[in-house]
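Peer 1: I'll drop the sequence and a predicted model, then ask my questions.
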Amino acid sequence: METTTSTLAPDATASAAAAPPARRSNLLRRLGGFGPSGLLGLAVLLFWVLAALLGPWLLSHSMAAAGTSNVFAPISAAHWLGTDYLGRDMLARVIEGARYTVGVALLATLLASGTGTVLALLAAASGRWIDAVLSRGLDTLTAIPSKMFALIMVAGFGSSVPMLVVMAGIIYVPGAYRIARSLAVNINALDYVTVARTRGEGTLYIMLREILPNIAGPMLADLGLRFVYVVLLLASLSFLGLGIQPPVADWGSLVRENIGALAMGGASVIVPALAIASLTIAVNLVIDNLPGRSARERGAR
Amino acid sequence: MNPVILRLLGQRLVLALLSLLAVSVVVFAITSVLPGDAAQEQLGQDATPEAVAALRVQMGLDVPAPLRYARWLGGLLKGDLGTSSTTQMPVGELVASRLPNSLLLAAVTALFSVPIALTLGIASAVWRGSWFDRAASTAAVGVVSVPEFLVATLAVLVFAVQLRWLPALSFVNDIESLGQMLRAFAMPVLVLCCVIVAQMMRMTRAAVIDQLEAPYIEMVRLKGASPMRMVLAHALPNAVGPIANAVALSLSYLLGGVIIVETIFNYPGIAKLMVDGVSQRDMPLVQTCAMIFCCAYLILVTTADVCGILANPRLRHR
């Protein structure tokens, strides 16, 4: 389990983070389109993705090791973010936690958006009853509040990492499906799709070559938003002690572990909570400032 | 009431009941069918096949799943909620002792958050684009995009640790005076209010702006009515439906918030009961709590829909 996450998470983050091969000037121009707050969001996001990918190599072993008696130490030169309830360095714990918070959430988001998009394409491009069955079925899932769904799933299947990915994936499929379907249905009604159909193209061709390229842009923005939901859900679950299990910890479990520091006003409980906030706000800033979105759309958010 | 509205309301209710039935299937499937053999799990891998078979009969697992579901649903409807597998107490008793606490928490939160959120939402809609609107909207986005437990920990840090106004993470069980009760309730209610107010304010603001940008408001303005009159006498009566819808939908966020808040403040409510049930894999308890939560959620969402239907003038005068 340990190995599957550590191999899967970096792969997924790498493929999502890798910029398209573009010449330098092109890249700069693209970045300029984000505006100052978008760039700030992008920088914070990049920082956490790098922390998730490179975390283990950045940290010296002495930092991650447990066992000093210096429990809940305040911020100092030796421990930039203080120490946790076992005297471990908080900076090291937060960077280690990034792998779980960012990695698991990213995998779950990709699963949810991918499944939702595929089902939506299927619903839009094929016949009426497939659409009706899919839409009704997925609507049923939204009748269960997301945190409640997560609790039921953990009660049934435990909270291993693959299980958490699948769980968060399933919970956010209906949302992704609904957005993708409403986009896909509109595209499906356009003349060039009718032409392709008349030409005798199959459903798969219509789905992948005619509709998918036209809904990919908005779905990418939706992916960001869904990522925020997944991060919040998984962090809350870990905070309840039902998500990522010790000895490894994501940022939600770090808050839980160090809740005792609250009475002393210690940094170790606030730092991981602020890390979550910085990640979700950064993603929101990036989505709100995506280049190519009209000013009107931006204002509406 | 005209027949169109009645038919729509009827459809809504039937839909809600069908959803609830579907939810019960999902809950039962996830908690007792899909995870595999509970008897085998309880006895471990080394148990003899005979022992496992005997326990399965005792637990009623030898009957096919659909029949088990029917029995479970029947028990639920009759109020027979089964026995908690950890405490061996009837689930009904456990739930009955906790449910009033949670309802009280929700009621107090609603009592405070609804007037505050409506005032803030309407004010920022009327003064949209002003510094007040921008500050309120930014704060609301901030609260919505961070986890509830961050709001809770910050509140504890400020009010209990720095200012020492309120007790921190412990909930007093034996409350003797009104003052004690207020102090004990203050933190959970404060945190829940933050979360709900942020949601409700955003939706209220959107609903009122929707009305303020309608052509008839332009007409009211040209007629020379005061801004106060324009908002209170003309825009608000038309925004009541969407606002009621927003209130009901926002209150459904209570259900998520209450899970975190009851846990962090150790509040003896039903959400805490469920979280404990989940960590001990106490299935009868989890099933009952889940159904109560989903029921409350569906009631709120359906109420939101019904408010929307009743307030739609196009349906009223058909």
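Peer 2: Perfect, I can see it now.
Peer 1: Contact partners for residue A:241?
Peer 2: Residue A:241 makes contact with A:253, A:256, B:279 under the criterion Cβ atoms under 8 Å, 6 or more residues apart in numbering or on different chains. C-beta coordinates here come from the backbone N, C-alpha and C atoms, glycine included.
Peer 1: So is the host helix or strand of the second one next to chain B?
Peer 2: Assignment of secondary structure by DSSP states H and E places residue A:256 within helix A:251-257. Yes. Part of helix A:251-257 sits close enough to chain B to count as contact by Cβ under 8 Å from any Cβ of the partner chain, namely A:252, A:255.
Peer 1: Against which helices or strands is the next helix or strand after that helix packed?
Peer 2: Per DSSP H and E, the first helix or strand lying C-terminal to helix A:251-257 is helix A:267-288. Packing partners of helix A:267-288 (3 or more Cβ pairs under 8 Å, 6 or more residues apart in numbering or on different chains; DSSP states H and E): helix A:35-58, helix A:90-125, helix A:212-239, helix A:251-257, helix B:148-155.
Peer 1: Out of the ones you listed, flag the one nearest residue B:77.
Peer 2: If you check each of those against residue B:77 by Cβ to Cβ, helix A:212-239 wins as the nearest, at 30.7 Å.
Peer 1: which residues touch the helix holding residue A:256?
Peer 2: For helix A:251-257, contacts defined as Cβ under 8 Å, 6+ apart pick out A:84-85, A:90, A:93-94, A:97-98, A:100-101, A:234-241, A:243-246, A:249, A:268-269, A:271-273, A:275-276, B:147, B:149-150, B:153.
Peer 1: List only buried entries from the residues you listed.
Peer 2: Using 16 or more other Cβ atoms under 10 Å in any protein chain shown as the burial test, these include A:84-85, A:90, A:93-94, A:97-98, A:100-101, A:234-241, A:243-244, A:249, A:268-269, A:271-273, A:275-276, B:147, B:149-150, B:153 as buried.
Peer 1: any low-confidence regions in chain A?
Peer 2: Along chain A, segments meeting pLDDT under 70 span A:1-25, A:27, A:30, A:58-81, A:83, A:85-87, A:127, A:265-266, A:292-301.
Peer 1: need the contact list for residue A:122.
Peer 2: Neighbour list for residue A:122: A:130, A:134, A:203, A:207 [criterion: Cβ under 8 Å, 6+ apart].
Peer 1: my read: the first one touches residue A:124, true?
Peer 2: No. The criterion here is Cβ atoms under 8 Å, and residue A:130 misses it with residue A:124 at 9.7 Å.
Peer 1: Between those two, which has more neighbouring residues?
Peer 2: Taking neighbours as other Cβ atoms under 10 Å in any protein chain shown, residue A:130 and residue A:124 compare with residue A:124 leading, 25 against 15.
Peer 1: how near is the residue lying closest to the more buried one once chain neighbours are set aside to residue A:142?
Peer 2: In this structure, residue A:124 finds its nearest non-sequential neighbour in residue A:184, 3.6 Å apart by Cβ to Cβ, 6 or more residues apart in numbering or on different chains. Using Cβ to Cβ, to the nearest Å, we find residue A:184 at a distance of 19 Å from residue A:142.
Peer 1: And for residue A:285?
Peer 2: 27 Å.
Peer 1: Look at those two and report which has more neighbours.
Peer 2: Applying other Cβ under 10 Å to residue A:285 and residue A:142 shows that residue A:285 carries more neighbours, namely 22 against 18.
Peer 1: just the buried members of the contacts of residue A:241?
Peer 2: Counted by 16+ other Cβ under 10 Å, these give A:253, A:256 as buried.
Peer 1: packing partners for the helix or strand where residue B:96 lies?
Peer 2: Secondary-structure assignment from DSSP H and E places residue B:96 in helix B:91-126. Judged by 3+ Cβ pairs under 8 Å, 6+ apart, helix B:91-126 is in contact with helix B:131-144, helix B:178-212, helix B:236-251, helix B:253-264, helix B:270-279, helix B:283-311.
Peer 1: Go ahead and name everything in contact with the fifth one.
Peer 2: Yep, that's helix B:270-279 we're talking about. A:151, A:154-155, A:240-242, B:84, B:86, B:94-95, B:98-99, B:101-102, B:258-259, B:261-263, B:266, B:282, B:285-286, B:289-290, B:292-293.
Peer 1: how does it look with 7 Å?
Peer 2: Residues outside helix B:270-279 that contact it (Cβ atoms under 7 Å, 6 or more residues apart in numbering or on different chains): A:151, A:154-155, A:240-242, B:94-95, B:98-99, B:102, B:258-259, B:262-263, B:285-286, B:289, B:292.
Peer 1: Taking those residues, please make a ChimeraX selection of just the buried ones.
Peer 2: Paste this into ChimeraX to select the buried members of the contacts of helix B:270-279, with burial taken from 16+ other Cβ under 10 Å:
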select /A:151,154,155,240,241,242 /B:94,95,98,102,258,259,262,263,285,286,289,292
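Peer 1: Of the helices and strands packed on helix A:267-288, which is nearest residue B:61?
Peer 2: helix A:212-239 (28.4 Å).
Peer 1: Ignoring the adjacent residues along the chain, who's closest to residue B:33?
Peer 2: Distance criterion Cβ to Cβ, 6+ apart; nearest residue to residue B:33, sequence neighbours excluded, is residue B:65 at 4.8 Å.
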